[in-house]
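> what's the 3D shape of this:
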Amino acid sequence: MSSDQIVLFDIPSKDRSCWSLNPWKITMDRIMALIAPIYLPRVPRNILSSHSIPYWMRTREARMPEGMDMAEYERAYPAEKALDKVEGW
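Just a heads-up that it's a prediction; the model follows:
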């Protein structure tokens, strides 16, 4: 690596989040949070194999607010509202 090259690292914290100087990562994190209601319920239905769905559901539902399951999350956070937030961002 040359001495004039700058490398940005994500520094993990104890709570498993990351602090970052990288503005693209920060922007991507915000975008992913905004579009979560769009992709979270659809990935298992449209992309994953039946073998992968239980893991996806278990790990994603563990992050849901108030212990919701995926169906409750989809009803509480409709994709249409997420699209409105993305368009307004």
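> quick check: which ranges of the protein have low pLDDT?
Applying pLDDT under 70 to the chain flags the ranges 1-3, 6-26, 88-89.
> for it, just list every one of the helices.
Along the chain, counting by DSSP state H, helices occupy 23-39, 42-46, 53-61, 70-76, 79-88.
> correct me, but residue 60 touches residue 70?
Yes: assessed by C-beta atoms under 8 Å, residue 60 is found in contact with residue 70 at 6.9 Å. Where you see a C-beta, it was placed from the backbone N, CA and C, and this is true even at glycine.
> need the overlap of contacts for those two.
Common neighbours of residue 60 and residue 70, using C-beta atoms under 8 Å, 6 or more residues apart in numbering, are residue 40.
> for residue 78, phi and psi?
Main-chain dihedrals, residue 78, degrees, to the nearest 10: phi -60, psi 150.
> how far away is the nearest residue to it once chain neighbours are set aside from residue 81?
Excluding the flanking residues, the one nearest residue 78 by C-beta to C-beta, 6 or more residues apart in numbering is residue 37, at 6.6 Å. As for residue 37, its distance to residue 81 is 7 Å (criterion: C-beta to C-beta, to the nearest Å).
> residue 29 now?
With the distance defined as C-beta to C-beta, residue 29 ends up 20 Å from residue 81.
> cool, and residue 54?
According to C-beta to C-beta, residue 54 stands 28 Å off from residue 81.
> give the contact list for the residue most central in space within the chain.
Closest residue to the average C-alpha location of the chain: residue 32 at 4.5 Å, with C-alpha atoms, centre = their mean. For residue 32, no contacting residues are found, by C-beta under 8 Å, 6+ apart.
> then residue 52?
residue 44.
> apply 6 Å and report the result again.
Residues counted as contacts of residue 52 (C-beta atoms under 6 Å, 6 or more residues apart in numbering): none.
> the residue nearest to residue 78: how many residues sit nearby?
Look at residue 37: counted by other C-beta atoms under 10 Å, it has 20 neighbours.
> one more: the one 10 residues further on?
By the criterion of other C-beta under 10 Å, residue 47 has 11 neighbours.
> just residue 40 next, same as before
Residues lying near residue 40 (other C-beta under 10 Å) number 21.
> what number of residues lie near the nearest residue to residue 71 once chain neighbours are set aside?
Leaving aside its chain neighbours, residue 71 sits nearest to residue 41 (7.9 Å; criterion: C-beta to C-beta, 6+ apart). Using other C-beta under 10 Å, residue 41 is surrounded by 19 other residues.
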